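A.B. asks: can't give you the sequence, but here's the structure:
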Ligand code: SAH
């Protein structure tokens, strides 16, 4: 009698395996990242009514006009960040907490900030339930980074600004990497920035669709 356990049918190993196969087909190569996505219960990061769709490769609504990112995008951004073996990572835009939970299983220390106060306790509770003790979370406008904890080896931004916030560039260590969607409305590009002293190398990866980064005087 385990049928009362939430979303039990949808969390079957087969359903999750299928998602991982799909991510492989789309080009995700990092086995560590694939294993962590396989093992992370995404259905716990969405509303119960949506848990049957949690292992589809799509973004899903999480309230407040926000979305949990598509698994492919989470995998892609995580893979890009891990390439430099960061020890200390900042995420901007905690949302459901799913991306941070994935990161926390792959890097020693994760800092994450969320603008919407009401979303913070739920994400924090999920980290606790999953036993992830290496995530620090606070409510703030991530346009300004997290100056008290800076610098960071890597920064992952989960919402799209029109321009890259200068504070985030400043809070990267030399050789550090940032992955960030940049652009307005329907025209966004996933960008990788690598800091080289006072220079910043920029590589454009692929078109993406994120909710806007709100703040920094823009909202
Ligand atoms: N990483 C999240 C994605 C959530 S969507 C997940 O895995 O579920 C992006 C999130 O960025 C939203 O929750 C939104 O409220 C937040 N956000 C938007 N602008 C922000 C800002 N300036 N500072 C911090 N968070 C912001």
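C.D. replies: Alright, I've got the coordinates. Quantities reported herein were computed from a predicted structural model and do not represent experimental measurements.

A.B. asks: wait, doesn't residue 80 sit right on residue 205?
C.D. replies: Yes: counting by Cβ atoms under 8 Å, residue 80 does reach residue 205; the two are 7.3 Å apart. Quick note: C-beta positions are derived from backbone N, CA and C, even for glycine.

A.B. asks: quick check: neighbours shared by these two?
C.D. replies: Common contacts of residue 80 and residue 205 (Cβ atoms under 8 Å, 6 or more residues apart in numbering): residue 192.

A.B. asks: which of these two has more neighbours?
C.D. replies: residue 80 (20 against 14; other Cβ atoms under 10 Å).

A.B. asks: am I right that the more buried one falls within a helix?
C.D. replies: Yes: applying DSSP: H, G, I helix; E, B strand; the rest coil, one finds residue 80 inside a helix.

A.B. asks: make 4 the first number, not 1, from now on.
C.D. replies: Sure thing, new numbering starts at 4, so read that last one as residue 83.

A.B. asks: just the strands in the protein please.
C.D. replies: 63-64, 70-71, 91-95, 112-117, 138-142, 155-160, 175-185, 191-199, 202-211 (DSSP state E).

A.B. asks: now the longest one: average pLDDT?
C.D. replies: Averaged over strand 175-185, pLDDT sits at 98.

A.B. asks: between that strand and strand 202-211, how many degrees?
C.D. replies: 30 degrees (axes from the mean of the first three to the mean of the last three Cα atoms, to 10 degrees).

A.B. asks: name the nearest residue to residue 194, sequence neighbours excluded.
C.D. replies: residue 185 (4.9 Å; Cβ to Cβ, 6 or more residues apart in numbering).

A.B. asks: okay, and the beta partners of the one you found?
C.D. replies: residue 192 (DSSP bridges).
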